[in-house]
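Asks: quick check, what structure comes out for this input:
(2 chains)
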Amino acid sequence: MKYLPLVWAGLWRKRARTTFTLLSIMVAFILFGIFSGIDAGFAHALEVSRLDRLFVDERFGTPMPLSYAEEIARVPGVVLVAPRWGLEGYYQDPKNPMGVIATDERFFAMRPEITISKEQLRTLRQTRTGAVISVFLANKYGWKVGDKIPLQTSTVQADGNRAWTFDIVGIIDDVNNPGQNGWFIANYEYLDQGRITDKGTIDRYIIRIKDPSHAAQIGRQIDKLFANSAAPTRTGSEKSQAQSGLQSLGDINFLTNAVVGAVFFMLLFLTGNTMMQSIRERIAEFAVLKAVGFSDNAVLSLVMAEAVLLCVLAAVAGLLISKIVIPMVRHMLDFGLLFQMPWTAMLRGFGVALLVALASGMLPAWRMQRLNIVDALAGR
Amino acid sequence: MEKVNLSPSFTPKLSGQTKARNLIADSGQRYTGKVRAGERHMEPVVSLKDISKQYRRGKDTVPVLESFSLQIAAGEFVAIMGPSGSGKTTLLNLIGGLDRASSGEITVAGERIDQLSNAQLSKWRARHVGFIFQFYNLMPMLSAERNIELPLLLTHLSSKERKQKVAAVLELVGLTERRRHKPAELSGGQQQRVAIARALIADPTLLICDEPTGDLDRHTAEEILSLLQLLNRQYAKAIIIVTHDPKAAGYATRQLRVDKGQLLDESSAMLV
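Replies: Predicted coordinates for the structure are as follows:
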């Protein structure tokens, strides 16, 4: 600590240059924070998706009849089958897209991560137009129990109306992503009875199996059952679906690493250049330090300490900004759920900052370690 | 105690001097050949035996010092004079352990410094030598007191002890009021006094001054030289000064003339 004033003074020898370098490093680490946030969000999405839950989807876009449920339930290893239909629409403005899951109480048995009370479930069952929404949606739109929510959809009702009105009967949450998931769950019966097309059909069956290691085998069995029907199926685990879903967005991991790698490569030169310029202007000062008794290694340590202080200060500021801003921003984004900033990402950023500091400070520090006092004092 | 012609602006009080002497003279292992204030001692603090120094300039070898021998006693104030390129500064650098001789033996403060490794030489310099340069060479971003404190960072002294020593030396050089000023806010003379305080803070055996008044006006130069004389007389510091100025050399107790790497003659100076 006693050397801190010396290191600090050296760092701020040229205020403008240090400020701009700090800002550049800070921006790089904000970027690092954002990409780490996306990475972490994807990792979390995969982590919470389960291997014992399979999705049976329509293979060629033909909706599956409700009768499939019984046949699927008879496949050995299948514990539970829940049908659902995804109703797509928006609330008030197309900018507020909304996905309604039309299902029944089996859906909640299938997804224990959704916290719904028996009372809420009973009310939902008894209210034909009822719906339960997640805390996220309640907060976002200010909805509360008792509200009537009209949604514009592409599904036409018998009277030609495309607007579907739901009565909010409960507010639920998702323990895997508290306050984050935008669940809007309604009764299948209300949808199926009201629509004029695709009656009695389902766009996805969610099934739970006893042994996740048999997922592929069970999936093949189910698909084989309906291979020659009018609505063939395609079965996969929730995890593999999540994986392929995320991959369809592109190889985010590669993109993240490539962008962050390029940024840090530039940062290395920026910081290294700043350090080199800084020590070049202070050669006589380092020579004096050596003259008064600072060893070669002590001078090397001082230069390295400057590089570390520069990078770590800026990195911590950048990472903290990411940590504060990401939770604020994720509420505003539709893909906010895929945007997280765990402390492990902060630690990784801190490690990267140290690496950049060591790599960029190494050459100037080595030069000052080898500095010849007599030549330096003579200005040679 | 001898009277010293110091300008009132930086003449410290006697109590301050005594306090300073006590404070700066307790930092551990010291050269035992040191003399008490007011005494002269024939035990050499510097002994050069048959020193040669050559520099390489491209393919050529340039001899700077040849078969140079010299002894300086503890407590002496020696002025080295000579034309540019005569080898004065090289001599100073060799005595101060900043450079290495091509051949010969150098013993300073009882240590064969030509046999020390770089790391040992750094420690030795911190313990035994204080440097004063023509252009002060202070750290521009540090205040006067932080500049003075630098050599103490290498000791095990606590922050409080370091502060006490810095305060004492600041009082000795008459800069207590300016302790928080940065070099750019000080005059040339004040900056050189900060440099003297920095050289003095670790209580070195030897003060090495390379043209310490070369950048100062006459009046300020005299102030600085008087201060060095005070340190030599009252604190028995051995001082070696390189100068072109005969008046500056007149403050020394012994004058050496060097030319073409050879010691030409020497004379004892009258005390100013």
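Asks: dihedrals phi and psi, the spatially most central residue of chain A?
Replies: Compute the mean C-alpha point of chain A, and by Cα atoms, centre = their mean the closest residue is A:Gly41, 1.9 Å away. Dihedral pair for A:Gly41: phi -60, psi -40, per degrees, to the nearest 10.
Asks: what residue is smack in the middle of chain B?
Replies: Chain B has B:Leu207 as the residue nearest its centroid, 2.0 Å off, counting by Cα atoms, centre = their mean.
Asks: would you mind writing the CA trace of the strand or helix carrying that residue as PDB?
Replies: Using DSSP states H and E, B:Leu207 maps to strand B:206-210. Output in PDB follows, covering the C-alpha atoms of strand B:206-210 (Å, rounded to 0.1, in the frame of the first residue of the first chain):
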ATOM      1  CA  LEU B 206      27.900   9.700   1.200                       C
ATOM      2  CA  LEU B 207      26.300  12.500  -0.700                       C
ATOM      3  CA  ILE B 208      27.000  12.500  -4.400                       C
ATOM      4  CA  CYS B 209      26.200  15.800  -6.200                       C
ATOM      5  CA  ASP B 210      26.500  16.100 -10.000                       C
END
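Asks: helices and strands around the host helix or strand of A:Gln152, which ones?
Replies: Using DSSP H and E, A:Gln152 maps to strand A:148-153. Using 3 or more Cβ pairs under 8 Å, 6 or more residues apart in numbering or on different chains; DSSP states H and E as the contact test, the elements touching strand A:148-153 are strand A:78-90, strand A:97-103, strand A:163-174. Quick note: C-beta positions are derived from backbone N, CA and C, even for glycine.
Asks: again, 6 Å this time
Replies: If you count contacts as 3 or more Cβ pairs under 6 Å, 6 or more residues apart in numbering or on different chains; DSSP states H and E, strand A:148-153 packs onto strand A:78-90, strand A:163-174.
Asks: three-state assignment of the residue in chain A that chain B sits nearest to?
Replies: Taking Cβ to the nearest Cβ, chain B has its nearest neighbour within chain A at A:Gly293, 2.4 Å off. Three-state call for A:Gly293 (DSSP: H, G, I helix; E, B strand; the rest coil): coil.
Asks: need the residues of the stretch 101-250 of chain B near chain A, please.
Replies: Applying Cβ under 6 Å from any Cβ of the partner chain, one finds that the stretch 101-250 of chain B approaches chain A through B:118-119, B:122, B:125-126, B:131, B:137, B:139, B:141-142, B:146, B:150-151, B:153-154.
Asks: if I look at the residue of chain A closest to chain B, what pLDDT would I see?
Replies: With respect to pLDDT, A:Gly293 scores 93.
Asks: wait, it sits on B:His128?
Replies: No - the pair A:Gly293 / B:His128 is not scored as a contact, 9.4 Å apart, by Cβ atoms under 6 Å.
Asks: how far away is B:Gly174 from A:Phe32?
Replies: 53 Å (Cβ to Cβ, to the nearest Å).
Asks: report the buried residues of stretch B:237-251.
Replies: Residues of stretch B:237-251 classed as buried by neighbour count (16 or more other Cβ atoms under 10 Å in any protein chain shown): B:Lys237, B:Ala238, B:Ile239, B:Ile240, B:Ile241, B:Val242, B:Thr243, B:Asp245, B:Ala248, B:Ala249, B:Tyr251.
Asks: so the fourth one sits in a strand?
Replies: Think B:Ile240. Yes - according to three-state DSSP, B:Ile240 belongs to a strand.
Asks: neighbours of the closest residue to chain A within the stretch 151-272 of chain B, how many?
Replies: When scored by Cβ to the nearest Cβ, the stretch 151-272 of chain B has B:Pro151 as its residue closest to chain A, at 4.6 Å. By other Cβ atoms under 10 Å in any protein chain shown, 28 other residues sit near B:Pro151.
Asks: what does B:Asn118 give?
Replies: B:Asn118: 12 neighbours (other Cβ under 10 Å).
Asks: model confidence for whichever residue of chain B sits closest to chain A, exactly?
Replies: Chain A sits closest to B:Ala126 of chain B, with a gap of 2.4 Å, by Cβ to the nearest Cβ. In this model, B:Ala126 is scored at 92, pLDDT.
Asks: so it is in which element?
Replies: Assigned by DSSP H and E, B:Ala126 falls in helix B:118-128.
Asks: what residues sit buried inside that helix?
Replies: In helix B:118-128, counting by 16+ other Cβ under 10 Å, buried: B:Leu121, B:Ser122, B:Trp124, B:Arg125, B:Ala126, B:Arg127, B:His128.
Asks: ditto for stretch B:103-119
Replies: For stretch B:103-119, burial by neighbour count (16+ other Cβ under 10 Å) applies to B:Gly104, B:Ile106, B:Thr107, B:Val108, B:Ala109, B:Glu111, B:Ile113, B:Asp114, B:Leu116.
Asks: now flag whichever of those residues is closest to A:Gly130.
Replies: Using Cβ to Cβ, B:Leu116 is the member of these that sits closest to A:Gly130, with 89.4 Å.
Asks: ok, now which ones touch the spatially closest residue to that closest one that is not a sequence neighbour?
Replies: In space, and not counting its chain neighbours, B:Leu116 is closest to B:Trp124: 6.0 Å by Cβ to Cβ, 6 or more residues apart in numbering or on different chains. Residues in contact with B:Trp124 (Cβ atoms under 6 Å, 6 or more residues apart in numbering or on different chains) are B:Gly97, B:Glu111, B:Leu116.
Asks: which non-adjacent residue is nearest the second one?
Replies: What sits nearest to B:Glu111 in space, not counting adjacent residues and going by Cβ to Cβ, 6+ apart, is B:Trp124, at 6.0 Å.
Asks: for that neighbour, give its distance to A:Ala291.
Replies: Taking Cβ to Cβ, one finds B:Trp124 at 12 Å from A:Ala291.
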